[in-house]
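Novice: Need a 3D model of the following:
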Amino acid sequence: IALAVVVLISATLLVKSFIISIRSSPGYNPKNLMVAQVALPATKYAQDWRQRNFAEDVLARVRALPQTASVGVASSVPYGGFGQGVVIEAVDKPGPRPGERLGARYTAVSPNYLSTMQIGLVQGRFFDSTDEQPGNAPSVIINQTFARQIWPNENPIGKQLRFGDQHRIASVVGVVNDIKMFYVRAQAERQMYVPLPQFPSATLGFVVRNSGDSAATATAIRDAIWSVDRDQPVSSVEPLETLIFIGNAGDGVVSKLMVFFSALAMFLGVIGIYGVMSHLVSQRTHEIGIRVAMGATPSQVLRMVISHGLKLALIGISVGLLVALGATRELAAQLYQVTPYDPPTFIGVALLFALVVLGVCYLPARRGMRVDPLVALRYE
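Specialist: As a prediction, the model looks like this:
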């Protein structure tokens, strides 16, 4: 029982964490959103202007599709195969100490990318046509975690940020919601967005919010890309919901395994209690017969047997709860918005075991109620 309690509590915490993470908002709306990813070969698209022209041409063709409601492109998309980070430094803050560097996830996006993804604007504005001109001063949009960590209790709009190996300086023009890039249970991290026309990329993820059939839309997107460059391979064209499901499939498998093993542990514990109580009733048949002959009622016999079984169960549950307090501490890094000492989980598992054991003890107890005193007295 003690071991089963530990396993069941651990499994419940993991499953509860998984359910909360799946139900939590990723910071964008993945419904009816197709993602197409390409990696432009350096032999053909070494120059920035070639990368820029390719992205703009594909956007124009995809935008013209009848099923397209909105389209955008970014150097990396959630649950995609690309990603990039840069070193950052706030211009108005003291420089980092020697050996210290702050980093952020870096994504170059087209002006319509954030609105197509439906990433909420918290403060400021999205990119507009003035941010697209390569010769203009760079602008940057940051997420809430970035703003909170770099400029706590300050208005980040208008602040300047130095980033990258070339130490480019950009002005913050907007703050958007935190999003989950690759993992539903990941903690929010600093994220910055820069205009793709000013910062071209050889890795591109086109996001298309569509109102038609997904398969037909995927084919149309591929055709649009190949109409610009028929030799360009397209790594994948998938609904974003599919990418999210695949990216978090491991958590689902672990949760199912934990549920299976916890159910198995409970089953073995229950079988053990049933066997002990059945053996106890068999051993005490003579005693029960004497009790009944002396005037004990069936309800008293029932209470005697069940109380003994519950005592055994409560000892096991108590030991299991104490062990679980130490064991679940190791799960802290795997949990999302659930504490390792979640009171409802500990209380719920204890009550569940107590109720199950109560039901299991009832069967041998009923057999004890039906003992015939005359037969019991001749039992030995």
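Novice: quick one: buried residues of stretch 29-49?
Specialist: Within stretch 29-49, the residues that qualify as buried by neighbour count (16 or more other CB atoms under 10 Å) are 30, 32-40, 45. For the C-beta atoms, the positions are set from N, CA and C on the backbone; glycine is no exception.
Novice: will you turn those residues into CSV that also has secondary structure, pLDDT and distance to I221?
Specialist: Written out in CSV, the entries for these read as follows (DSSP: H, G, I helix; E, B strand; the rest coil; pLDDT from 0 to 100; distance: CB to CB, whole Å):
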residue, secondary structure, pLDDT, distance to I221
P30, coil, 90, 16
N32, coil, 90, 14
L33, strand, 92, 12
M34, strand, 92, 6
V35, strand, 93, 9
A36, strand, 92, 5
Q37, strand, 92, 11
V38, strand, 92, 10
A39, strand, 92, 16
L40, coil, 92, 16
Y45, coil, 91, 19
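Novice: Helices of the stretch 101-250 of the chain, residue ranges please.
Specialist: Listed from the start of the chain, the stretch 101-250 of the chain has helices (DSSP state H, counting those that start in this stretch) covering 113-117, 129-132, 144-150, 214-228, 240-247, 249-283.
Novice: So what's the model's average confidence on the shortest one?
Specialist: Read it as helix 129-132. The average pLDDT within helix 129-132 is 80.
Novice: what's Q160 in contact with, if anything?
Specialist: 90-92, 169-172 (CB atoms under 8 Å, 6 or more residues apart in numbering).
Novice: Just give the number of residues close to G309.
Specialist: Neighbour count of G309, defined by other CB atoms under 10 Å: 21.
Novice: For the nearest residue to it once chain neighbours are set aside, report the pLDDT, please.
Specialist: Distances taken as CB to CB, 6 or more residues apart in numbering place C361 nearest to G309, at 3.5 Å, with adjacent residues excluded. At C361, the pLDDT value in this model is 76.
Novice: Repeat that for S10.
Specialist: In this model, S10 carries a pLDDT of 87.
Novice: That one sits in which helix or strand?
Specialist: helix 2-23 (DSSP states H and E).
Novice: Would you map the helices across the stretch 251-380 of the chain?
Specialist: 285-293, 298-327, 343-369, 373-377.
Novice: Go through those and find the least confident stretch.
Specialist: Comparing mean pLDDT across those, the weakest is helix 373-377, with a mean of 56.
Novice: The helices of the stretch 101-250 of the chain: which one's closest to G72?
Specialist: helix 113-117 (3.2 Å; CB to CB).
Novice: and that closest one, C-alpha only, in PDB?
Specialist: Taking C-alpha atoms only, helix 113-117 is exported to PDB below (Å, rounded to 0.1, in the frame of the first residue of the first chain):
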ATOM      1  CA  TYR A 113       3.300  37.600 -38.800                       C
ATOM      2  CA  LEU A 114       2.200  38.600 -35.300                       C
ATOM      3  CA  SER A 115      -1.300  39.400 -36.300                       C
ATOM      4  CA  THR A 116      -1.600  36.200 -38.300                       C
ATOM      5  CA  MET A 117      -0.500  34.200 -35.300                       C
END
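Novice: by contact count, what packs against it?
Specialist: In this structure, helix 113-117 packs against strand 68-74, strand 203-210, with contacts taken as 3 or more CB pairs under 8 Å, 6 or more residues apart in numbering; DSSP states H and E.
Novice: That one: which residues count as buried?
Specialist: 113-114, 116-117.
Novice: Out of those, which two sit at the greatest distance?
Specialist: Maximum pairwise distance among the buried residues of helix 113-117 (CB to CB): 7.3 Å, between L114 and T116.
Novice: residues shared between the contacts of these two?
Specialist: Taking CB under 8 Å, 6+ apart as the contact definition, L114 and T116 share the neighbouring residues G72.
Novice: thought S227 was touching R61?
Specialist: Yes. With contact defined as CB atoms under 8 Å, S227 reaches R61; the gap is 5.9 Å.
Novice: neighbour-wise, which of those two wins?
Specialist: Using other CB under 10 Å as the criterion, S227 and R61 rank with R61 on top: 19 against 11.
Novice: quick one: secondary structure of the more buried one?
Specialist: helix (DSSP: H, G, I helix; E, B strand; the rest coil).
Novice: Please identify the most buried of the helices and strands packed on helix 113-117.
Specialist: Mean neighbour count (mean count of other CB atoms under 10 Å) peaks for strand 203-210 among the helices and strands packed on helix 113-117, with a mean of 25.
Novice: How about the contacts made by G316?
Specialist: By CB under 8 Å, 6+ apart, the contact list for G316 reads 1-2, 4-5, 269, 353.
Novice: From those residues, list just the buried residues.
Specialist: Buried residues within the contacts of G316, defined by neighbour count using 16+ other CB under 10 Å: 1-2, 4-5, 269, 353.
Novice: What is the nearest of those residues to E100?
Specialist: Set against E100, the nearest of the buried ones among the contacts of G316 by CB to CB is V5 (45.2 Å).
Novice: Could you find the closest non-adjacent residue to that closest one?
Specialist: If you skip the residues right next to it in sequence, V5 has G320 as its closest partner in space, 2.7 Å away by CB to CB, 6+ apart.
Novice: Q334 versus that neighbour, what's the distance?
Specialist: G320 sits 20 Å away from Q334 when distances are taken as CB to CB, to the nearest Å.
Novice: of those two, who's got more company?
Specialist: Between G320 and Q334, counting by other CB under 10 Å, G320 is the more crowded of the two (25 against 16).
Novice: Next up, the contacts around that one.
Specialist: 1-6, 9.
Novice: now swap in K31 and tell me
Specialist: Taking CB under 8 Å, 6+ apart as the contact definition, K31 lies against E241.
Novice: Show the contacting residues for A69.
Specialist: Under the criterion of CB under 8 Å, 6+ apart, the neighbours of A69 are 32, 209-211.
Novice: Could you work out the most separated pair of these?
Specialist: R209 and S211, at 8.0 Å, using CB to CB across the contacts of A69.
Novice: who touches both of these two?
Specialist: When contacts are counted by CB under 8 Å, 6+ apart, the set common to R209 and S211 consists of 32, 69.
Novice: That's all I had, so thanks and see you.
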